[in-house]
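[1] What follows is a predicted protein model with its sequence.
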Amino acid sequence: MIEIIVLSYIQRMTDIPTFLEEPEKPPEKYVIVEKVGSTYANRFDGAVIAVQSYAPTLLEAAELSRAIKHHMHKLPEKVEAVTHCSCTGDYNYTDTQTHRYRYQAVYSINYYEE
């Protein structure tokens, strides 16, 4: 699953707590990886992955998102199953229910499953 691949990659490349869903007791700063769409063509899978970066301030959330983007652009170089990764958007996505600051970066990823 591409979500597990991205989660494992972020955990391996950073010291940022990273999850696939909202943790029961979230740390001060953390990241959530979520698959929000998919495609399949020419034996390659495609996914749209949202990476949400949470932090105590809007500036810190933006900086956390920027740090994640730095690593995500290298995903095809570091993970053999990933052939392409591009950021299609990055924006303030403050959670209106929890009032926690977050940024969201959305990625288009092409990969193949073994």
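    Received the coordinates, thanks.

[2] Show me the helices in this structure, by range?
    Along the chain, the segments classed as helices by DSSP state H run 2-13, 58-72, 75-78.

[3] between these, which one is nearest to residue 43?
    helix 2-13 (15.2 Å; Cβ to Cβ). Using the backbone N, CA and C atoms, a C-beta is placed for each residue, glycine as well.

[4] buried ones in that closest one?
    Buried residues in helix 2-13, counted by 16 or more other Cβ atoms under 10 Å: 2, 5, 6, 7, 9, 10, 13.

[5] Next one: the nearest residue to residue 102 once chain neighbours are set aside from residue 86, what distance?
    Distances taken as Cβ to Cβ, 6 or more residues apart in numbering place residue 54 nearest to residue 102, at 4.7 Å, with adjacent residues excluded. Residue 54 sits at a distance of 23 Å from residue 86 (criterion: Cβ to Cβ, to the nearest Å).

[6] More neighbours: which of those two?
    Neighbours per residue, other Cβ atoms under 10 Å: of residue 54 and residue 86, the larger number sits with residue 54, 26 against 13.
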